[in-house]
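I'll drop the sequence and a predicted model, then ask my questions.
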Amino acid sequence: MHSAYEVAFKYEISNEIIASISGFISRNYHYPYNDAPKEIVDIDKEIDEIYQKLPLENDYDKHVNYQNRLVELLKRVKEITPQPHR
């Protein structure tokens, strides 16, 4: 059994990852992301859905699953976003 502190800690980490993904997308694409690949738009929708579900969960394992999915999404966003020209 995990403590409320451990669940809250996973929740906070997930929020940080969501902020990282959102920030990365907003720095590289202009809202409403008409110039973005469809996959970026889909990822943005998925992180919004996860963000809505996070506070409702008191289950540590669900938070671990959300966090793992968010890490996958962050990696994918970085893979498909073109590097800036230097």
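In hand now; what should we look at?

check which helix or strand covers residue 31.
Element membership for residue 31, per DSSP states H and E: none, as it lies in no helix or strand.

In terms of pLDDT, where does the residue most central in space within the chain sit?
What sits nearest the mean C-alpha location of the chain, by CA atoms, centre = their mean, is residue 18, with 3.5 Å. As summarised for this prediction, residue 18 has a pLDDT of 93.

and it, what does it touch?
47, 50-51, 70 (CB atoms under 8 Å, 6 or more residues apart in numbering). Heads up, the C-betas are built off the backbone N, CA and C, glycines and all.

name the element the nearest residue to residue 24 once chain neighbours are set aside belongs to?
Spatial nearest neighbour of residue 24, excluding adjacent residues (CB to CB, 6 or more residues apart in numbering): residue 77 at 5.6 Å. Using DSSP H and E, residue 77 sits within helix 60-80.

List the buried residues of that helix.
By neighbour count with 16 or more other CB atoms under 10 Å, helix 60-80 contains the buried residues 60, 63, 66-67, 70, 73-74, 77.

Can you tell me the element the residue nearest to the centre of the chain falls in?
Counting by DSSP H and E, residue 18 is found in helix 4-28.

least trustworthy helix or strand in this protein by mean pLDDT?
When the helices and strands of the chain are scored by mean pLDDT, DSSP states H and E, helix 4-28 comes last with a mean of 88.

how many degrees apart are that one and helix 60-80 in direction?
Our comparison of helix 4-28 with helix 60-80, counting by axes from the mean of the first three to the mean of the last three CA atoms, to 10 degrees, yields an angle of 20 degrees.

Buried residues of helix 4-28, list them for me.
Result for helix 4-28 [16+ other CB under 10 Å]: buried residues 7, 10-11, 13-14, 17-18, 20-22, 25, 28.

got a list of contacts for the helix or strand that it is followed by?
Downstream of helix 4-28, the first helix or strand assigned by DSSP H and E is helix 38-53. The contact list for helix 38-53 (CB under 8 Å, 6+ apart) reads 14-15, 18, 21-22, 25, 29, 33, 66, 69-70, 73, 76-77, 80-81.

Could you rerun that using 6 Å?
Identification of contacts with helix 38-53 by CB atoms under 6 Å, 6 or more residues apart in numbering yields 18, 21, 25, 33, 66, 73, 77, 80.
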